[in-house]
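1. model this:
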Amino acid sequence: MTAVAIAAGPEWSGWLAGEAALLPGITIVESAADADLLAIAPDAAAPEDWISDALAAGAAVILTAPADLAELANLMAADAPVDAPGRLGHSEAGRHLLDQLSDPGVGAIHSLYLSVRTATEDAGSRSFEALLWDAVCLIDDCLDSTLAEMHVDGGAMFGQETDSAVGIARTANGTVVTIDVACCLPPALCNAGATEAEIEIMGAEATLRAATHARRSTVWDQSGVAAQYWGDDAMLSMINAWTAGRATGQDRIRRRLENVQSILNDLRTDWTQGG
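-> Sure thing, here's the model as predicted:
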């Protein structure tokens, strides 16, 4: 039995308690002091205090949407029991896609294309970094390989801060990766904090595609078309994965941080030099 607390407003805590049937072997508690695991919701305010207090009390922490990647890097340097899996791969649609990807009938993966977007009202370096983190995590979930030979371009296309990037890379396994990340959607088309994503993976024997919009998504595969929800259920998936011993692992989190930092460094260099 694992006791889980959630750092967020009452609407999140009530929602998680209401989903208890989807968390077998887990008890929801209100105080992090009584918890074995603290889940930080995407919209939780001032999570730094909750994280430090939970770690000091001996609890582990799940960051569902890390807002400060420098803080995450510091936690990794301290070998803290923290997981930050990325929401896209833990969404219902993402899990379905990864299940399909594990089918040997797909064959060796030749290329991956991923586009992830959110609203312009969320634009700014921190929001962009959080969006980039989700994108890099999903790529790593799919390919489990370091991004190399990377070239990225972008900048402040929709606001005053860096809010967009387009890049191409090759993994250590030879897969070509194309990535498009932008805080660009008109707010009227996208609820605050919502994300839309599209991914296409080309294997030697089959092609997999998935797309999301707001909180609805569609996955295409050999078995046909299946509509899937994604979003809130990602937190449930992260909690279940942690308690089942399937956490991301610190080595993979560090690799993802290195990939994100490489993209950001490339962007800053190009932007400083005028592209």
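2. pLDDT weak spots in this structure?
-> 1, 8-17, 42-48, 121-126, 187-194, 212-232, 269-275 (pLDDT under 70).
3. which one's the longest helix in it?
-> When the chain is parsed with DSSP state H, its longest helix is helix 250-272.
4. List the buried residues for it?
-> Judged by neighbour count (16 or more other Cβ atoms under 10 Å), helix 250-272 contains these buried residues: 252-253, 255-257, 259-260, 262-264, 266-267, 270. In short, each C-beta sits where N, CA and C put it, glycine included.
5. Between those residues, which sits nearest residue 179?
-> Distances from residue 179 to these, taken as Cβ to Cβ, are shortest for residue 263 (8.0 Å).
6. Show residues contacting the longest helix of the chain.
-> Residues from elsewhere that reach helix 250-272, judged by Cβ atoms under 8 Å, 6 or more residues apart in numbering: 69, 72-73, 76, 79, 82-84, 86, 129, 132-133, 136-137, 139-140, 144, 146-147, 150-156, 162, 165, 167.
7. Quick one, which of these are buried?
-> Buried residues within the contacts of helix 250-272, counting neighbours by 16+ other Cβ under 10 Å: 69, 72-73, 76, 82-84, 86, 129, 132-133, 136-137, 139-140, 146-147, 150, 152, 154-155, 162, 165, 167.
8. ok, now which ones touch the residue sitting nearest the centre point of the chain?
-> Taking Cα atoms, centre = their mean, the centroid of the chain lies closest to residue 86, which sits 2.1 Å from it. Applying Cβ under 8 Å, 6+ apart to residue 86 gives the contacts 133-134, 136-138, 140-141, 256.
9. so of the residues you listed, which ones are in helices?
-> Per DSSP H, the subset of those in helices is 133-134, 136-138, 140-141, 256.
10. still on that earlier bit, for residue 27, see how far away the residue nearest to the centre of the chain is.
-> Distance, residue 86 to residue 27, using Cβ to Cβ, to the nearest Å: 26 Å.
11. Kindly indicate which of the buried residues of helix 250-272 lies nearest residue 41.
-> The closest of these, once distances to residue 41 are taken by Cβ to Cβ, is residue 253, at 19.1 Å.
12. Please parse the protein into its domains.
-> Domain ranges of the chain: 2-63, 87-272, per automatic domain parsing.
13. The last one: how far from the chain's middle?
-> Mean C-alpha position of domain 87-272 versus that of the full chain (Cα atoms, centre = their mean, to the nearest Å) differs by 7 Å.
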